[in-house]
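>>> no FASTA, just this:
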């Protein structure tokens, strides 16, 4: 599938909960971003490498499902 899903939630606990639940259901290429994430922008690049003109590095996979708090939305517009 080429479809992508971006989910925003207010709370980091909710983001981590959704990540665990989706992983348990077999969702692949899934990441969660919160204020505790080291580099939130890197997740945005991997979610949409073409529009960000980003080349995936060795071992990196394109993110298909991204669950994020507003930590990701800051400065991304």
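Thanks, I have the structure now. These numbers come from a predicted model, not from an experiment.
>>> Three-state assignment for the spatially most central residue of the chain, please.
Centroid check for the chain by Cα atoms, centre = their mean gives residue 66 as the closest residue, at 3.0 Å. Recorded secondary structure, residue 66: strand (DSSP: H, G, I helix; E, B strand; the rest coil).
>>> could you find the closest non-adjacent residue to residue 3?
Spatially, and ignoring its direct neighbours in sequence, residue 3 is nearest to residue 64 (7.6 Å; Cβ to Cβ, 6 or more residues apart in numbering). For the C-beta atoms, the positions are set from N, CA and C on the backbone; glycine is no exception.
>>> quick one, helices of the protein?
Using DSSP state H, the helices found in the chain span residues 12-24, 40-47, 70-73.
>>> ranking these by burial, who's on top?
Mean neighbours per residue, mean count of other Cβ atoms under 10 Å, is largest over the helices of the chain for helix 40-47, with a mean of 19.
>>> which residues touch that helix?
Identification of contacts with helix 40-47 by Cβ atoms under 8 Å, 6 or more residues apart in numbering yields 4, 6, 31, 33, 37, 52, 54, 56, 60-63, 66, 68, 71-72, 74-76.
>>> just the buried ones from the residues you listed, in PyMOL syntax?
Listed next is the PyMOL selection for buried residues among those, using 16 or more other Cβ atoms under 10 Å:
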select buried, resi 31+33+37+54+63+66+68+71+72
